[in-house]
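Chemist: This is a predicted model, with the sequence first.
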Amino acid sequence: MGVSYSDLSERCKSLAGAYQWASPYPHAVLRDVFDINLLKQVATEFPDPKTMEKEYVRVEEYGKHTENRWEQFGPATKFLFSELKSGPFLGCVSDLTGINDLIADPLFMGGGQHQIADGGLLKIHADFNKHTQYGLDRRINLLLYLNEDWQSEWGGQLELWDEDMSGCVEKIDPMMGTVVVFSTTSTSYHGHPDPLRLPPGVTRKSLALYYYTNGRPSSEGASTHGTLFQLRPGHHDSSAPTLGARVRIMADRWTPPAIRETLGKARLSYRQRHASAH
């Protein structure tokens, strides 16, 4: 279940030029990095969203549940995160990005397990750029998706936007085993800004880990900032979750699982009838 780091290193070196010249900012999409059976096991270790450490309910990020406590991770998840934090893997990330002396965040601040429920979204944004406890500079995002048989009509594609927020340059399906690596700057705008439309029992699952350095190039700016949310042109607040989505998420906290499943099937049946009518 381990990674052949010599092969991965060569692969990353071969992609280094494309990474630097990628649009709208340096990034790469990798597949088949990890054993599929390991990834499936990691996916099964995701808990019920309501039991995760944090839930986001603000307009900018809604229906998002996160867990970054090491003791709450299952054995396969711990194994995979250990790989992602290991020296050999960091060396491969350096081979790809050209950024040396990377440090994996041991606290998973803002990272860990991410799980987005039906109706959830994450507006387009650039991430915070300083570790609040260590003062290190955030340089690289790594996102690993864990969703089998993801359907495009559910939404949830990771969108990469250009620096002036004039348009989305690339959309990436959150399919099982897809790894997205990108450089973290004040203008590396990304997100999945439209509410998810998921069938019963499905959530959007991913692992997130961020890499830091002690200092960053002056060309990237030195001012410290938090998350910088952006408005899409012509959308204003229309990317906020609908009232129905907000009611569903709030009701899920108090509704027994059997009733939630019945209601979810009814919603799905309604969507299918509505789609066939058009």
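Modeler: Happy to help now that I have it.

Chemist: quick one: low-confidence ranges for the protein?
Modeler: Applying pLDDT under 70 to the chain flags the ranges 1-2, 222, 236-278.

Chemist: just the helices in it please.
Modeler: 5-21, 36-44, 75-85, 87-97, 243-252, 257-277 (DSSP state H).

Chemist: roughly how far out does the first one sit from the chain middle?
Modeler: It refers to helix 5-21. Helix 5-21 has its C-alpha centroid displaced from the chain centroid by 22 Å (Cα atoms, centre = their mean, to the nearest Å).

Chemist: what about residue 18, how many neighbours?
Modeler: 12 (other Cβ atoms under 10 Å). Quick note: C-beta positions are derived from backbone N, CA and C, even for glycine.

Chemist: need the contact list for it.
Modeler: residue 28 (Cβ atoms under 8 Å, 6 or more residues apart in numbering).

Chemist: do that again at 10 Å, thanks
Modeler: Taking Cβ atoms under 10 Å, 6 or more residues apart in numbering, we find residue 18 in contact with 26-28, 96.

Chemist: what do you get for residue 93?
Modeler: Counted by Cβ under 10 Å, 6+ apart, residue 93 has contacts 8, 12, 84, 99-100, 102, 104, 139-140, 142, 181, 209, 211.

Chemist: Quick check: residue 208 touching residue 142?
Modeler: Yes: using Cβ atoms under 10 Å, residue 208 and residue 142 qualify as a contacting pair, with a distance of 7.1 Å.

Chemist: Can you check which residues contact both of those two?
Modeler: Shared contacts of residue 208 and residue 142, counting by Cβ under 10 Å, 6+ apart, come down to 84, 111, 180.

Chemist: tell me the contacts of the first one?
Modeler: Going back to what we said before, that points to residue 84. Residue 84 touches 3, 34, 90, 93, 104, 111, 142, 144, 179, 207-209, 211, counting by Cβ under 10 Å, 6+ apart.

Chemist: same thing with the second one?
Modeler: Each residue near residue 111 by Cβ under 10 Å, 6+ apart is listed here: 66-68, 81, 84, 104-105, 141-143, 206-210.

Chemist: likewise the last one?
Modeler: Contacts here follow Cβ under 10 Å, 6+ apart; on that basis residue 180 touches 27-30, 141-145, 158, 160, 170, 172, 174, 190, 206, 208.

Chemist: Distance of it relative to residue 19?
Modeler: According to Cβ to Cβ, to the nearest Å, residue 180 stands 11 Å off from residue 19.

Chemist: Likewise for residue 109?
Modeler: 24 Å.

Chemist: same question, residue 41
Modeler: Distance from residue 41 to residue 19, by Cβ to Cβ: 29 Å.

Chemist: can I assume residue 194 is in contact with residue 235?
Modeler: Yes: using Cβ under 10 Å, residue 194 is in contact with residue 235, at 9.3 Å.

Chemist: Need the overlap of contacts for these two.
Modeler: residue 123.

Chemist: which of the two has more neighbours?
Modeler: Just comparing residue 194 and residue 235: by other Cβ under 10 Å the higher neighbour count belongs to residue 194, 18 against 13.
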